[in-house]
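Chemist: Fold the following.
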Amino acid sequence: MDILLMFGDDVTVLSANRVAEHLNVARSTAYRYLQSLTSTGFLEENEGGSGFRLGPRILDLARLARKGIGLSDLARPVMRELVRETGFPALLTRRAGASVVCLEREEAGQTLRLSYERGQVLPINAGAAALALLAWAPVEVVEEVLRQPLVRFTDATNTDPERLRDRLPQIRDQGYVISRGELDPDVLGVAAPVFGADGGLVAAVSIAALSHRVTDAQAVATAEVVMRAARELGAQVARLEVATI
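Modeler: Below you'll find the model as predicted:
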């Protein structure tokens, strides 16, 4: 590990002499260490034996480290900034079959009772976050949802399959969802989709607020901020996906 930590932006090749001096060991001992790292793929010997550079096993570990960074880890800073800009609680949700799972919830210092808590699983037919996930879901998922009885949460919940089917293209066209009281009474939701490197849907970012405090014009303005946050998270996800290929 000490040898590997000797590498840096200005040190891309190590010699046995340099390692011996750094570790205060004999050159033969340093060379044995280097050969051990080479045999396991952590180092490669330069052509002509002029020194040792990092090997392919390091790239494998870097890939695994990047893969270990979860969506929630990427989303939290974006969600905190979204809360700062809007003043509203932010949510990160993901589709799981015909359901929605709340992965993260970032509070905004205000008390707001919501159905979405971390780990909460809800049907996908009601609320801004759910509809954002449904609008960009595969056709077979949409049809599966619409074949089932749609759950009613409030008087504003859309339980008509045809009306819901007609709404999805409109959501895709505008790029966001605004819902009022469809999942929680008196709660406004604004959500936008998060896409990965291949353009596939990854998650949805949303905010929630007391509906009577937000006008239609304010909701549309908030949607612009939510979409920007979703694009930022999508860009981070895409960079991570490309890096792990």
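Chemist: buried set for whichever helix in the chain runs longest?
Modeler: Here the longest helix in the chain is taken by residue count, with DSSP state H as the criterion, and it is helix 216-243. Going by neighbour count (16 or more other C-beta atoms under 10 Å), the buried part of helix 216-243 is 219, 222-223, 225-238, 240-241. No exception for glycine: its C-beta is placed from N, CA and C like everyone else's.
Chemist: tell me the strands in the chain, going along the chain?
Modeler: Under the criterion DSSP state E, the chain contains strands at 43-45, 52-54, 90-96, 99-106, 121-123, 177-180, 187-195, 201-210.
Chemist: Strand partners (parallel or antiparallel) of the longest one?
Modeler: I take that to be strand 201-210. strand 90-96 (antiparallel), strand 187-195 (antiparallel) (DSSP bridges).
Chemist: for those strands, which one sits closest to residue 53?
Modeler: Among the strands paired with strand 201-210, the nearest to residue 53 by C-beta to C-beta is strand 187-195 (36.9 Å).
Chemist: Next, count neighbours for residue 57.
Modeler: Burial measure for residue 57: 14 neighbouring residues, criterion other C-beta atoms under 10 Å.
Chemist: coming back round to it: and the angle for the longest helix of the chain with strand 90-96?
Modeler: Following axes from the mean of the first three to the mean of the last three C-alpha atoms, to 10 degrees, one obtains 60 degrees for the angle between helix 216-243 and strand 90-96.
Chemist: Can you convert the strands of the chain into TSV and add a column each for distance to residue 9?
Modeler: Compiled in TSV, the strands of the chain are given as follows (distance: least, C-beta to C-beta, whole Å):
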stretch	distance to residue 9
strand 43-45	18
strand 52-54	12
strand 90-96	34
strand 99-106	34
strand 121-123	46
strand 177-180	45
strand 187-195	33
strand 201-210	32
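Chemist: Alright, I will stop here.
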